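[1] can you look at this prediction? I've put the sequence above it.
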Amino acid sequence: DTGVSQDPRHKITKRGQNVTFRCDPISEHNRLYWYRQTLGQGPEFLTYFQNEAQLEKSRLLSDRFSAERPKGSFSTLEIQRTEQGDSAMYLCASSLLGNSGNTIYFGEGSWLTVV
Amino acid sequence: AQTVTQSQPEMSVQEAETVTLSCTYDTSESDYYLFWYKQPPSRQMILVIRQEAYKQQNATENRFSVNFQKAAKSFSLKISDSQLGDAAMYFCAYRSGGGATNKLIFGTGTLLAVQP
C-alpha cells in the first residue's frame, strides 16, 4: 500500500494555459475525492467519484474545471484557461466504501501557481 | 448547511505538556462523523482521530483524545505528553452520515507549535 500519490507535486503556469493533475488512489479504494486548499484555509471539497461515476460536484467546480476517473482507478483534474485565483494546492483523497467509517486518506497535494 | 469553526488560529505548548484544541460545529443532522486531521509541513493530511456522533464514549488514540459534547456541538482535541513531532496544522472536519454525501467540511485550522 503506497498511499495516495499525486503528480505533479508543483506546477507553475501562465494565466490562460491549461493544466492537468493526476491522482492515483490507494489500490482497491473505490471512492476518490478532489479538494482545493489555499494558504491559511482548510481544504474545500470539489468533487468525488465512486468507481468511475462522478457522484457529487461542488459549486466551486466551475465549467473550467473537469475531473475524470475513466476506469475507476486513477483520476485527472483539468483546469482550462487558468486564472490567478486558481493558485492553490489541489488535494486528492481516497476511501473504501464499506470500511469502518469510510476513513478518507489524503495525498500530498499538487501545488498550482498561476502567474 | 453544516459549518465547522476553529477559533484558535495558533496554539503553543511546551514539550511533554498537554494542550487542547477547540472545535465547534453546526448541524441539524443527528448522524454524522467528526475528525481531527494533522497537516505537517510536508503537507500530507493525516487522520489523527475520529468520532461517530452516535457513540457517547469519547474516542482515544494513544496520546490523542477528544471531548465530544454533542448537545453543545463541541469537539475538542487533547494532546497529552506533547512531542516535537506534533507540531503541525490541525484541522477539525465534519462528515454527514447516512451516505447522502461523502464530503468533509473542514475548519480553518489551528497551527500548533511545540516548544522544546
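    In hand now; what should we look at?

[2] quick one: contacts for the closest residue in space to B:Arg63 that isn't next to it in sequence?
    The spatial neighbour of B:Arg63 that comes closest, neighbours along the chain excluded (Cβ to Cβ, 6 or more residues apart in numbering or on different chains), is B:Ser80 at 4.7 Å. In this view, the C-beta of every residue, glycine as well, is placed from N, C-alpha and C. Counting by Cβ atoms under 8 Å, 6 or more residues apart in numbering or on different chains, B:Ser80 makes contact with B:18, B:63-65.

[3] also B:Ile79?
    Counting by Cβ under 8 Å, 6+ apart, B:Ile79 touches B:13, B:18-21, B:63-64, B:86, B:112.

[4] specify the beta-bridge partners of the most centrally placed residue in chain B.
    In chain B, the residue lying closest to the centroid (Cα atoms, centre = their mean) is B:Trp36, at 3.0 Å. Residues in a beta bridge with B:Trp36, per DSSP bridges, are B:Ile49, B:Cys92.

[5] ok, it - contacts?
    Neighbouring residues of B:Trp36 by Cβ under 8 Å, 6+ apart: B:21, B:23, B:47-50, B:64, B:66, B:75, B:77, B:90-93.

[6] same thing with B:Thr20?
    B:67, B:76-79.

[7] now flag whichever of the residues you listed is closest to A:Thr113.
    B:Leu77 (32.0 Å; Cβ to Cβ).

[8] ok, the closest one to A:Ser110 distance?
    28 Å (Cβ to Cβ, to the nearest Å).

[9] same deal with B:Thr3?
    27 Å.

[10] so which of those two has more stuff around it?
    Between B:Thr3 and A:Ser110, counted using other Cβ atoms under 10 Å in any protein chain shown, A:Ser110 has the larger neighbour count: 22 against 12.

[11] so the more buried one touches A:Thr13, yeah?
    No - taking contacts as Cβ atoms under 8 Å, A:Ser110 lies outside contact range of A:Thr13: 11.7 Å.

[12] and the pLDDT for the closest residue to chain A within chain B?
    Chain B approaches chain A most closely through B:Phe106 (3.1 Å), counting by Cβ to the nearest Cβ. At B:Phe106, the pLDDT value in this model is 96.

[13] now the contacts of B:Trp36 as JSON lines including pLDDT?
    Converted to JSON lines, the contacts of B:Trp36 look like this (pLDDT from 0 to 100):
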{"residue": "B:Leu21", "pLDDT": "98"}
{"residue": "B:Cys23", "pLDDT": "98"}
{"residue": "B:Leu47", "pLDDT": "93"}
{"residue": "B:Val48", "pLDDT": "96"}
{"residue": "B:Ile49", "pLDDT": "95"}
{"residue": "B:Arg50", "pLDDT": "93"}
{"residue": "B:Phe64", "pLDDT": "97"}
{"residue": "B:Val66", "pLDDT": "97"}
{"residue": "B:Phe75", "pLDDT": "97"}
{"residue": "B:Leu77", "pLDDT": "98"}
{"residue": "B:Tyr90", "pLDDT": "98"}
{"residue": "B:Phe91", "pLDDT": "97"}
{"residue": "B:Cys92", "pLDDT": "98"}
{"residue": "B:Ala93", "pLDDT": "96"}
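
[14] which of those lies closest to A:Glu28?
    Closest approach to A:Glu28 among the contacts of B:Trp36 (Cβ to Cβ): B:Leu47, at 18.1 Å.

[15] tell me the residues of chain A that contact chain B?
    Proximity of chain A to chain B, by Cβ under 8 Å from any Cβ of the partner chain, involves residues A:31, A:33, A:35, A:40-45, A:48, A:55-56, A:58, A:89, A:91, A:93, A:95, A:101-109.
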